[in-house]
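Asks: No sequence on hand, only this structure:
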């Protein structure tokens, strides 16, 4: 697991995240690993995906992600993430 036993990402994970979004960023300074660590909630997103992956009836693989396709699957994902966001911020 990229998060390790403590659930904390190593600096290389944040650097890789910054490199992966570099081509998508169109405004402002290029993001660094330090930006990712302090600005984005990667740990919460990672935890949400890990929980989703381990649910019965749901699929995840590192090559294709969750394969969320079609209106019904998108609705389930959106409801799932909304519940997780509300729980995390409560």
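Replies: In hand now; what should we look at? It should be emphasised that the depicted structure is a prediction, and the values quoted were computed from it without experimental measurement.
Asks: Going by secondary structure, the residue positioned nearest the centre of the chain is in what exactly?
Replies: Nearest to the geometric centre of the chain sits residue 45, at 3.7 Å (Cα atoms, centre = their mean). Using DSSP states H and E, the element containing residue 45 is helix 42-53.
Asks: what's that helix packed up against?
Replies: Applying 3 or more Cβ pairs under 8 Å, 6 or more residues apart in numbering; DSSP states H and E, one finds that helix 42-53 makes contact with helix 11-21, helix 71-89. (Each C-beta comes from the backbone N, C-alpha and C, glycine too.)
Asks: Can you add mean neighbour count, distance to residue 34 and mean pLDDT and give those back as CSV?
Replies: Below are the helices and strands packed on helix 42-53 laid out as CSV (neighbours: other Cβ atoms under 10 Å; distance: least, Cβ to Cβ, whole Å; pLDDT from 0 to 100):
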stretch, mean neighbour count, distance to residue 34, mean pLDDT
helix 11-21, 15, 7, 88
helix 71-89, 11, 23, 72
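Asks: Just send the ones you listed back as CSV, with distance to residue 60 too.
Replies: Below are these laid out as CSV (distance: least, Cβ to Cβ, whole Å):
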stretch, distance to residue 60
helix 11-21, 18
helix 71-89, 11
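Asks: Nearest approach to residue 35 belongs to which of those helices?
Replies: Set against residue 35 and scored by Cβ to Cβ, the helices and strands packed on helix 42-53 come closest in helix 11-21, at 6.5 Å.
Asks: quick check: angle from that closest one to helix 42-53?
Replies: Using axes from the mean of the first three to the mean of the last three Cα atoms, to 10 degrees, the inter-axis angle of helix 11-21 relative to helix 42-53 is 80 degrees.
Asks: Distance from the chain centre to helix 11-21, please.
Replies: For helix 11-21, the distance from its own C-alpha centre to the chain's C-alpha centre is 12 Å (Cα atoms, centre = their mean, to the nearest Å).
Asks: Report all helices and strands that that helix contacts.
Replies: Here helix 11-21 touches helix 33-39, helix 42-53, going by 3+ Cβ pairs under 8 Å, 6+ apart.
Asks: how far does the longest one sit from the chain's center?
Replies: Think helix 42-53. In terms of Cα atoms, centre = their mean, the centre of helix 42-53 is found 6 Å from the chain centre.
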